[in-house]
Structure formats: structure tokens, C-alpha cells
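[1] no FASTA, just this:
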């Protein structure tokens, strides 16, 4: 199949002569990114919406490699990019991939991307805008979850088991692979964190069986395993045994004066004869029938669906709709594709970027330490000269 590569304004679209779904890619490395992305100006009031910054971030390996960063604390952020052409993933695998870096040491805020359904209004894009997939980290206090939520028949379905996200200040790559055989895989930095069958890990479908509504536990059903022994009788005088008694080993102090100190009484101690409230022995219940199990029947509402992998038909764009208490998250390296190999290649390139940023951070911190040492040495020399 012949491939045609089209490059325009920093956005890459890859298509084939068979008109396969286009690929959307954004690296934010040129000033034209603002023409490709639309702010959600009609979603919230102006004073509620935070400013996006175009930046390399604090540490970078390449000054031309930029992303967009949340710039104001305690604000909402809404921004989206429409695809050149909506795509339908019917019968195809697809990948959503992007990088996240919490430079602020995030304490509470979202950092997820949304794959948006069909033709949406970009200026009013917000929390109520329908989406096919919401994917990425969300952190607040002890919650550190990688969201994976599908929009399905008007419901937003979260993955039933949690995938922990990264919460440090390093850059990380989040990847979600959805396959046409209704399987999936979630990766962070190229490492598999979860995988399996979509129908098993999301509640797309009604249960195959339900409890028979015409059946209920018989009124005479005995499910108590043990009963009080009717022949066990409380011993005579049991309740007369006190819980505490005067300490028999205690002695009145020699200097005790009844007139000044009052009548002396020995301190109390736990009574070793006291056995607590009486209760009869428990014996096996001769009438026990076992635990009653509600009969199950086929669910008349169950309907299988082999198209649950459809994110949205068609998908019209991607967007970030977020709230952050403390801003400073950098987003970059966005890729939506039906070509798994391309996603793998992009992940390899990211690894080099991740390594480069780490080395740049280490070099910068080493330089800061050297400057601090020089400053301390200069200060010590000045004090020595004054003396």
C-alpha cells in the first residue's frame, strides 16, 4: 500500500491511497501552533480560564523542542485541535499517545487528553462536550490515577481497576492502544501497565445473567450455622462476681492519718475470677440448610457488542479540559494514529528526549551547586579580609 506524507504547519498527516484514517501529530515546535489550537473561550468566564504558555520547560535538551504549559494556579484550562478530516476506527487498531511533565510538583489537577467525537464546537469545548476516550493522569492528594474512560451510548465508562500514574516532576509518555479485536494496552514510558479485554475491564455490556426476580429466599429457610445451646445454663451466682476487687496485697501506709487523709481503702485491681458477661455455648444448628443461593437466569437486556473498541465514529479532534490547583504541567508529543509501528517509533524518539532532559536537569543542578559553593567561598574570603 503506497503511503503519502503531507506536512503542513507542524502537523503531520499520513494517509494511504486506500484512504485509511489520517494520523494527527503535534509537537508544538513552531509559533503556528496557536492557529491549529482553539481556546475554549465560551466554556467558562474569562477570569476562570487559565493562560497557556509556549515553552521548552525548565530543563530541556533542545531549545527548539517546545510544548504548551498551564500557566496560572487555580484555573480551568480548555483547548482543542480539530482533525483535518474526521476519522472512523471501525475495523482498525488505534493509539492515543502524549507526554506530560509536572514541573510544579502537582498536588491536585488533571492532565488527561480527550479524543473528541465528531463535529464539536471548539470555542465552547468543556466538561460536557461528548468524547470517545479520555486518557491520562489525574492527581489529587492520595489519588494518582491514569484515567481510561470510554464514551459509550451516552455514558462515560471508567476502567474498573485503577492504573497508577506518575506523580514526579520528570517527563513521561502515556500510551493507550485500542485494538479492533476489543483488547487494549496502557503503557507509561513504553512499559505495559495494564492490558486485557475491553469487555472484561469496562462495563460496556449488561451482565449475561441476573438474579431471577420471581425467586426469593423462603421464609422458613434457615441459614444460621450455629445457635445457643439450649441446655447450657448460667451458673448460680455468676452475676455476683465483681469485675474488680480490693488489692489483697495492698497495705495501709504507716503515715496514713484517718483524720487528715480519710478512711483508708485498698486500691482496686481486676478480679481474676471475673469472666465477663455470661453467654451460652454455641452449637451447630441442626436445622441449618446452608447459604441460600439466588437462582440466576439469562438477562433479557444482555446484548453483545463487538464494536466497543469504537472510540467515536467519527472522531473529530483532541482537547485538554482541565482544572489545576497549582499550574505548571507541560504537554507535548501528541499522536493519534491507526499505525502501531508509528507509535512505537515515536516512543523511541521520546526515550531520547526523556534521557536528554534528565541529563540537562542534572547538569543544571550541578552548575547551581558549583555556583553556591563559589558564592560561599567568596563570602568566607570577604569575612577573612575584614578580620
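    Great, that's in hand. Here the structure is a predicted model, which means the values were calculated and not measured. Numbers count the residues shown, from 1 in each chain.

[2] Spatially central, which residue of the chain would that be?
    Note on the chain: the residue nearest the mean C-alpha position is residue 145, at 1.1 Å, using C-alpha atoms, centre = their mean.

[3] What is the distance between stretch 126-142 and the centre of its chain?
    Distance of stretch 126-142 from the chain centroid (C-alpha atoms, centre = their mean, to the nearest Å) equals 9 Å.

[4] do stretch 265-284 as well
    From the chain centre to the centre of stretch 265-284 is a distance of 51 Å (C-alpha atoms, centre = their mean).

[5] can you give me the end-to-end distance of that stretch?
    With C-alpha to C-alpha, to the nearest Å as the measure, stretch 265-284 spans 48 Å from end to end.

[6] For the helix or strand containing residue 133, buried residues please.
    Per DSSP states H and E, residue 133 falls inside strand 131-140. In terms of neighbour count (16 or more other C-beta atoms under 10 Å), strand 131-140 has its buried residues at 131, 132, 133, 134, 135, 136, 137, 138, 139. Where you see a C-beta, it was placed from the backbone N, CA and C, and this is true even at glycine.

[7] Stretch 276-283 too?
    With burial defined by 16+ other C-beta under 10 Å, not one residue of stretch 276-283 is counted as buried.

[8] So what's the model's average confidence on it?
    The average pLDDT within stretch 276-283 is 94.

[9] same check, this time on stretch 345-356
    If you average the pLDDT over stretch 345-356, you get 95.

[10] Also stretch 313-327?
    Within the predicted structure, the mean pLDDT of stretch 313-327 is 95.

[11] And the buried residues of strand 131-140, which two are furthest apart?
    By the measure C-beta to C-beta, 132 and 139 form the most distant pair in those, at 23.5 Å.

[12] all strands of the stretch 101-250 of the chain, in order?
    Per DSSP state E, counting those that start in this stretch, the stretch 101-250 of the chain carries strands over the ranges 108-110, 113-117, 131-140, 143-152, 155-158, 171-178, 183-188, 191-197, 209-211, 226-228, 244-246.

[13] Looking at those strands, spot the one closest to residue 75.
    Residue 75 lies closest, by C-beta to C-beta, to one member of the strands of the stretch 101-250 of the chain: strand 108-110, at 9.8 Å.

[14] in that closest one, what's buried?
    Quick answer for strand 108-110 (16+ other C-beta under 10 Å): 109, 110.

[15] Next: stretch 70-86.
    Per 16+ other C-beta under 10 Å, stretch 70-86 contains these buried residues: 70-72, 75-83, 86.

[16] Check the offset of that stretch from the chain's centre.
    Centroid displacement of stretch 70-86 relative to its chain, using C-alpha atoms, centre = their mean, is 20 Å.

[17] next one: stretch 102-112
    Centre to centre, stretch against its chain (C-alpha atoms, centre = their mean), the figure for stretch 102-112 is 12 Å.

[18] Residues in contact with that stretch: which ones?
    Outside stretch 102-112, the residues that touch it by C-beta atoms under 8 Å, 6 or more residues apart in numbering are 57-58, 69-70, 100, 134-141, 147, 167-169, 320, 322-331.
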